[in-house]
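S.K.: Sequence first, predicted coordinates after that:
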Amino acid sequence: MRVSNITPNSFTFTFLLRCFESFDALQCGEVLHSEILKLGFGSSVFAKNTLMDFYAKCGNLGLARKVFDEMPERDVVSWNTMIGAYTIHGNQEYAIFLFEAMPERNLVSWNSVIAGLLKAGNMELARSVFKRMPEKSDVSWNTMISGYVKLGDVENARAIFDEMPEKSIISWTAMVSGYAMRGDLQSARKMFDRMPEKNVVSWNAMIAGYVNNHMFDEALSVFQHMLIDGNYKPNQTTLISVLSACSHLGSQEHGKWVDSFIRKNKFDLSVPLGNALIDTFAKCGDMENAKAVFLRMGQRCIITWTTMISGLAVNGHCREAVELYGQMSLEVVEPDDVVFIAVLSACTHGGLLEEGKRVFYQMVNKFGIKPRIEHYGCMVDLLGRAGKFEEALSFIKSMHLEPNTVIWATLLSACKTYRNGELLESLTRRILEQEPNNPSYLTLIMNLSSSIGRWQDALNFRVATRDQGIVKTPGCSSIQIGNNVHEFLAKDTKHPQRKEIYRVLGCLNGHLKLCEVE
DNA sequence: GTAGGGTTAG
């Protein structure tokens, strides 16, 4: 461990602990701990505080508490660190207990305990502790504001904000995201525009606010204003939000722009940033650039693999997606339930029945992941599309979850290809029992009935749904060409170039029919 | 050079 003759001191260790913290390297921490004890640095309160914080941030409250209990003497930071640890892990009772037991308190102690109370949803007590404070700092006020905001109580947040004598950037930003969280983008924008000064985080809050409320054009426009202003430098968070907007808009141009921005400004391609970039390119159908980013990334996490696998799947590279899963198994990445949804849906889209069965088996038996209804859905889809109705039905019987309507509707869709009228009837009955008024299912049943020649059934359904006033929310797709985003609905008649579009669609359909025959 | 407040990807 030691490579030089210089003896490490307590600062060396605390610094190392800080470094390990970012990697969640609990084991390294334990090695360091024993080293600290051996060398006799354990007596320093400073070193112990850092160690305690390290254990807490690694999620091991027990070890943190052990260090705290065994300390021969403690300062106020030791107490605050332990209170903070309990707060982060939602262990509010212990936090309060320590707070009451402290020999002396400073502002941080009060603020931590208030933050914890708000996190636990205990507004009454938080407010009364806040009132009891001998003196307040801006952090105390901001803790109250952000606490209320996180609970979705913007009115009380605003009341504290208005009462606050000297508001800081943080107070304003908290209010911006508070209004945004509630979907009130007008008030959020008003706050944002009225801010006496801004920083990157405030811009980020505004951009993320628009993105979270699906106002992607507005998000990009705020980002543009930020660049035009020239006083602020976007950071990783900014770019991740902007990329999220790009991916929802399918805006390849913006995605490429962010990619080159990252290169030009020598941004570190961090895991979350790389993930967002991959997602954007994949949603734009640009798998070449997605792959390039994937390969450029120095580190990857499970989200990276999931994004890449599902990107390949939705763009039709289903085999490649399954192969990538194989590659993932070779690395030290622990798969989770979400990545298996991506892999299984790749199998479904590609009709890869055997691979799908194998992957499902591995998920359950090798990785011990309990299937969710989505996993079951993929398997039913896979079996149904392969025409294995018997197997699908017995698979559904073997599920440890109650089959929902989605499962039945998935199987139902498969009846179209195989013209299985009998199954269609029994599935229809089941679905209508469970969800008689869901317009999506009614439309599905109607279309299926007519597609296999049961015109009378289809007609009956249409009349029944119309009489009941059931209207299906139309699905909408969009594409960006140049700077314009074009939106399309089913049977759309509004687009200026509709004639050409329908002509091309007709052509495509013809080609597809030919493929089917072959 | 240890503790508390605003922004982030499947």
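M.R.: Received, thanks.
S.K.: Quick check: residue A:443 vs residue A:101, distance?
M.R.: 63 Å (C-beta to C-beta, to the nearest Å). (C-beta placed from N, C-alpha, C; glycine too.)
S.K.: Name the residue in those two with the higher neighbour count.
M.R.: Neighbour totals were compared for residue A:443 and residue A:101, and residue A:443 leads with 16 against 8 (other C-beta atoms under 10 Å).
S.K.: which element is the more buried one on?
M.R.: helix A:439-451 (DSSP states H and E).
S.K.: next one: residue A:178
M.R.: Using DSSP H and E, the element containing residue A:178 is helix A:169-181.
S.K.: Is there contact, residue-wise, from that helix to DNA strand B?
M.R.: Yes: Helix A:169-181 reaches DNA strand B (C-beta under 7 Å from any atom of the strand) through A:169, A:170, A:171, A:173, A:174, A:177.
S.K.: Any chance of JSON lines for those residues, columns pLDDT and neighbour count?
M.R.: Shown next, in JSON lines, are those (pLDDT from 0 to 100; neighbours: other C-beta atoms under 10 Å):
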{"residue": "A:169", "pLDDT": "98", "neighbour count": "15"}
{"residue": "A:170", "pLDDT": "98", "neighbour count": "18"}
{"residue": "A:171", "pLDDT": "98", "neighbour count": "21"}
{"residue": "A:173", "pLDDT": "98", "neighbour count": "24"}
{"residue": "A:174", "pLDDT": "98", "neighbour count": "27"}
{"residue": "A:177", "pLDDT": "98", "neighbour count": "23"}
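S.K.: hang on, the earlier thing: in the helix holding residue A:443, which residues are buried?
M.R.: A:441, A:442, A:443, A:444, A:445, A:446, A:448, A:449, A:450 (16 or more other C-beta atoms under 10 Å).
S.K.: elements contacting it?
M.R.: helix A:405-418, helix A:421-434, helix A:455-467 (3 or more C-beta pairs under 8 Å, 6 or more residues apart in numbering; DSSP states H and E).
S.K.: quick one: the second one to chain centroid distance?
M.R.: Okay, so that is helix A:421-434. 35 Å (C-alpha atoms, centre = their mean, to the nearest Å).
S.K.: Also the first one?
M.R.: When C-alpha coordinates are averaged (C-alpha atoms, centre = their mean), helix A:405-418 and its chain have centres 29 Å apart.
S.K.: DNA strand B is nearest to which of the helices and strands packed on helix A:439-451?
M.R.: With C-beta to the nearest atom of the strand as the measure, helix A:405-418 is the member of the helices and strands packed on helix A:439-451 nearest DNA strand B (18.5 Å).
S.K.: any idea which of the residues of helix A:169-181 next to DNA strand B is closest to residue A:47?
M.R.: The shortest gap between residue A:47 and any of these belongs to residue A:170, at 30.9 Å (C-beta to C-beta).
S.K.: so what's residue A:417 up against?
M.R.: A:385, A:387 (C-beta atoms under 8 Å, 6 or more residues apart in numbering).
S.K.: Pick out the shakiest of the helices and strands packed on helix A:439-451, pLDDT-wise.
M.R.: Lowest mean pLDDT of those: helix A:455-467, a mean of 74.
S.K.: Show me what that one is packed against.
M.R.: helix A:439-451.
S.K.: What is the distance between the helix it packs on and the centre of its chain?
M.R.: 33 Å.
S.K.: thinking again about what came up before, CA atoms only for the helix holding residue A:178, dumped as PDB, please.
M.R.: Only the C-alpha atoms of helix A:169-181 are listed here, as PDB (Å, rounded to 0.1, in the frame of the first residue of the first chain):
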ATOM      1  CA  ILE A 169     -30.000  32.100  -5.300                       C
ATOM      2  CA  ILE A 170     -30.800  28.800  -3.700                       C
ATOM      3  CA  SER A 171     -34.100  30.000  -2.300                       C
ATOM      4  CA  TRP A 172     -35.100  31.300  -5.700                       C
ATOM      5  CA  THR A 173     -34.000  28.100  -7.400                       C
ATOM      6  CA  ALA A 174     -35.900  26.000  -4.900                       C
ATOM      7  CA  MET A 175     -39.100  27.900  -5.700                       C
ATOM      8  CA  VAL A 176     -38.500  27.600  -9.500                       C
ATOM      9  CA  SER A 177     -38.300  23.800  -9.200                       C
ATOM     10  CA  GLY A 178     -41.200  23.800  -6.700                       C
ATOM     11  CA  TYR A 179     -43.600  25.400  -9.200                       C
ATOM     12  CA  ALA A 180     -42.100  23.200 -12.000                       C
ATOM     13  CA  MET A 181     -42.700  20.100  -9.900                       C
END
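S.K.: And it, what does it pack against?
M.R.: helix A:138-150, helix A:154-163, helix A:185-194, helix A:200-212.
S.K.: tell me which residues in the first one are buried?
M.R.: Just to be clear, that refers to helix A:138-150. A:139, A:140, A:141, A:142, A:143, A:144, A:145, A:146, A:147, A:148, A:149, A:150.
S.K.: do it and DNA strand B meet at all?
M.R.: Yes: counting by C-beta under 7 Å from any atom of the strand, DNA strand B is contacted by helix A:138-150 at A:138, A:139, A:140, A:142, A:143, A:146, A:150.
S.K.: neighbours around residue A:181, how many?
M.R.: Neighbour tally, residue A:181, other C-beta under 10 Å: 17.
S.K.: so what's it up against?
M.R.: A:149, A:152, A:154, A:209, A:212 are the contacts of residue A:181 under C-beta under 8 Å, 6+ apart.
S.K.: Nearest residue to the fourth one in space, please, no chain neighbours.
M.R.: Counting by C-beta to C-beta, 6 or more residues apart in numbering, residue A:209 lies nearest to residue A:180, which is 2.8 Å off, once chain neighbours are set aside.
S.K.: Contacts only, for the spatially closest residue to residue A:172 that is not a sequence neighbour.
M.R.: Distance criterion C-beta to C-beta, 6+ apart; nearest residue to residue A:172, sequence neighbours excluded, is residue A:195 at 4.6 Å. Counting by C-beta under 8 Å, 6+ apart, residue A:195 makes contact with A:169, A:172, A:173, A:176, A:202.
S.K.: Might one say that the third one is in contact with residue A:202?
M.R.: This means residue A:173. Yes: using C-beta atoms under 8 Å, residue A:173 makes contact with residue A:202 at a distance of 4.5 Å.
S.K.: where along chain A do the strands fall?
M.R.: Remark: strands assigned in chain A by DSSP state E are A:476-481, A:484-489.
S.K.: worst average pLDDT in those strands?
M.R.: Note on the strands of chain A: lowest mean pLDDT is at strand A:476-481, with a mean of 61.
S.K.: list the contacts for residue A:464?
M.R.: By C-beta under 8 Å, 6+ apart, the contact set of residue A:464 is empty.
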